[in-house]
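Asks: Provided below for reference: sequence and predicted model.
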Amino acid sequence: MKSRDTSARRRVPVLLFLLALASCAAPCGAQEAARATPYRVGYVLSMPRPESHLFEVRVDVEGLRGAGHVDFQMPRWSPGRYAVYDFAKNVQEAKFAPPCGPPVDCGLGRVLYGADRLDTQTWRVKTEKHWRSVTFFYKVYADDLSGTFSQLDERHASFNGGSVFAYVAGHKQDAVTLRVEAPPGWKVFNGYTTREGQTEFSFPNYDTMIDAPTEVGRGFTVETFEVAGRPHRVLVHSFGEEGGRRAELVRQIEKVVRAQVALMGEPDYEQYTFLFHFDPTARRGDGMEHLNSTQIVETGPLSENSVFNDALGTASHEFFHVWNVKRLRPQGLGPWDFTRPVETRGLWIAEGFTNYYGKLALRRAGLWDDARLLASYGMTVTGVENAPGSRLMSAVESSLLAPFLDRSTHEQRTNLPNVSVSYYPKGETLALALDLLIRGRTRGRASLDDVMRRAYDEFYLKSPNDSYYLKGRAYAVEEFERLASQTAGIDLSDFFARHAHGVEQPPYEEALAGVGLRLLRPSGAGAFRIEKDDRATPEARALRDAWLTGKK
């Protein structure tokens, strides 16, 4: 049937446009604001009553230039931990203050007004045309020591920016400043600390600011060593017995750093900071990577061997993220849209390969022997190959489902344990098989080490910037796979198709045999074992030694 109402047809585009505006939530406003003149954004974090577990946050926004409103949003999740935690749940008493000056008289103190809450994570402050600034105030409850959350109590403050700081919607890319107002006698320290007593910091954007976990307190120590002409600081915040092992921890971390710099080359930072917490009262252990620091939480005393070794292993894993994840990164990892869960297909490379190299670095640093390394890889193979989800979920799909798998909590009953596999161990087994396959098939002319170095060089160091956040650009998984084939000089497309995009078991036997190793398969659901093959050829043994030591 033909429409006879031509005026109605003319109105349709207008109506659709109006409907789009009406349905546009804060992210749409963010897109519009992103094209506006940058704001000057300053944060002040105070903690006047540590026993209350309440941080008090002030956000000063200047340069409004007649904007009708300013939206403030709390992230729904935090980089490095991909489960959705909705940090806004701990925000309370959100208020704002207009600028001082006519017609607002601040002579007797600033009057605070309640901010309008638009949704679960967004507050809107409506502004007048003559306003050039606005100040947003709120409090955040924090009593969870981890690499994701924050804690404030009588002992210290440990904050991770994503769980504490709201961003100005549409202006995450603007430069920001942070001032920390600590209780008397408490020191402030993070990866950007450059001098004693520093409490003020400047960052090129919000994303970088929240990538700087910070310790505030009086009971921690900092020791420094130098590698590649750069200072590396080890902060230790410890409760319980230490057994005199603090200095030993620093010495062994230095060996790990040297081994990884030898592998990947000169790191792209001015300084690096390890922040350790040894706290038996912490609910769980954790490790979280950041651009020039890492935060590691151990739930036992430093004096215990198991705790010491776990701290060292976590440090090795997190430090390799300096190259893999924080700079060499798959698409989806920064800058982030914190209004929705992350989507990336490459965590099996970003996290799984880091698992692989974190362990290998301990061997190359001389802290593990061959047997310990092989036993650890064997345990990972056992876990993956005995997992029912290993034959149902690929490494790529596991990466996409990180918001469901990465310490995510589920109120409803799910079948995820039976149909999923973690990208951490899955990626580790793929890295093991891939590295040894390349070494064996090329007779030692190439390795996964070469692939990682070239990928870092091509995608991070030499590519044009794809955003305000970081140097270089994020890669598509297929780009990484093509680069691996080019670097190795052999076609690896079938490997990736079958074992990364598909669910077939990696070719362990061929990979291990090529470097003088063998896989002992269990009967039933027992443990796989990797051991040296005494019957291996001299060439295979030489390839094995080169792999273990990192030397050609």
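Replies: That came through, no problem. Worth saying up front: this structure is predicted, and the values here are computed from it rather than measured.
Asks: where does pLDDT dip in this protein?
Replies: Across the chain, the stretches falling below the confidence threshold (pLDDT under 70) are 1-36, 101-109.
Asks: find the residue at the geometric middle of it.
Replies: Of all residues in the chain, the one closest to the mean position by CA atoms, centre = their mean is G80, 2.5 Å from it.
Asks: who are the neighbours in contact with that one?
Replies: Shown in contact with G80 (CB atoms under 8 Å, 6 or more residues apart in numbering): G147, T148, M288, E289, H290, V325. Where you see a C-beta, it was placed from the backbone N, CA and C, and this is true even at glycine.
Asks: same thing but at 7 Å, please
Replies: Residues near G80 by CB atoms under 7 Å, 6 or more residues apart in numbering: G147, M288, E289.
Asks: quick one: it from V342, how far?
Replies: According to CB to CB, to the nearest Å, G80 and V342 sit 10 Å apart.
Asks: number of residues surrounding Q331?
Replies: If you count neighbours by other CB atoms under 10 Å, Q331 ends up with 16.
Asks: I meant D337, not that one.
Replies: By the criterion of other CB under 10 Å, D337 has 14 neighbours.
Asks: tell me the domain boundaries of the protein?
Replies: Here the chain is described, according to automatic domain parsing, as comprising the domains 43-205, 220-320, 347-549.
Asks: can you give me the first-to-last residue distance of the first one?
Replies: The one in question is domain 43-205. Criterion CA to CA, to the nearest Å; first-to-last residue distance in domain 43-205 is 12 Å.
Asks: what do you get for the last one?
Replies: For domain 347-549, the first and last residues are 26 Å from each other (CA to CA).
Asks: wait, which of the domains of the chain is closest to W336?
Replies: For those, distance to W336 was read as CB to CB. The smallest value, 6.3 Å, belongs to domain 43-205.
Asks: centre of the chain versus the closest one, how much separation?
Replies: 21 Å (CA atoms, centre = their mean, to the nearest Å).
Asks: picking that back up, want to throw the domains of the chain into CSV with distance to R329?
Replies: Compiled in CSV, these are given as follows (distance: least, CB to CB, whole Å):
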stretch, distance to R329
domain 43-205, 10
domain 220-320, 11
domain 347-549, 5
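Asks: among the ones you listed, which is nearest P213?
Replies: Taking the domains of the chain one by one with CB to CB, domain 220-320 is closest: 4.2 Å.
Asks: I figured E223 hits P231, correct?
Replies: No - E223 is not in contact with P231 according to CB atoms under 7 Å; the separation is 10.6 Å.
Asks: just the strands in the stretch 151-300 of the chain please.
Replies: Applying DSSP state E, counting those that start in this stretch to the stretch 151-300 of the chain gives strands spanning 151-152, 156-159, 167-168, 176-181, 187-190, 200-203, 214-217, 220-227, 230-238, 272-278, 286-289, 293-298.
Asks: list the buried ones in stretch 230-242?
Replies: Neighbour-count burial for stretch 230-242, counted by 16 or more other CB atoms under 10 Å, picks out R230, H232, R233, V234, L235, V236, H237, S238, F239, G240, E242.
Asks: how about the nearest residue to the third one, chain neighbours excluded?
Replies: Distance criterion CB to CB, 6 or more residues apart in numbering; nearest residue to R233, sequence neighbours excluded, is T273 at 4.6 Å.
Asks: give me the neighbour count for that neighbour.
Replies: When neighbours are defined as other CB under 10 Å, T273 has 25 of them.
Asks: contacts only, for it.
Replies: The contact partners of T273, by CB under 7 Å, 6+ apart, come to N190, G191, R233, L235, N292, S293.
Asks: looking at those residues, which one is closest to H277?
Replies: Proximity of those to H277 was ranked by CB to CB; the top entry is L235 with 9.1 Å.
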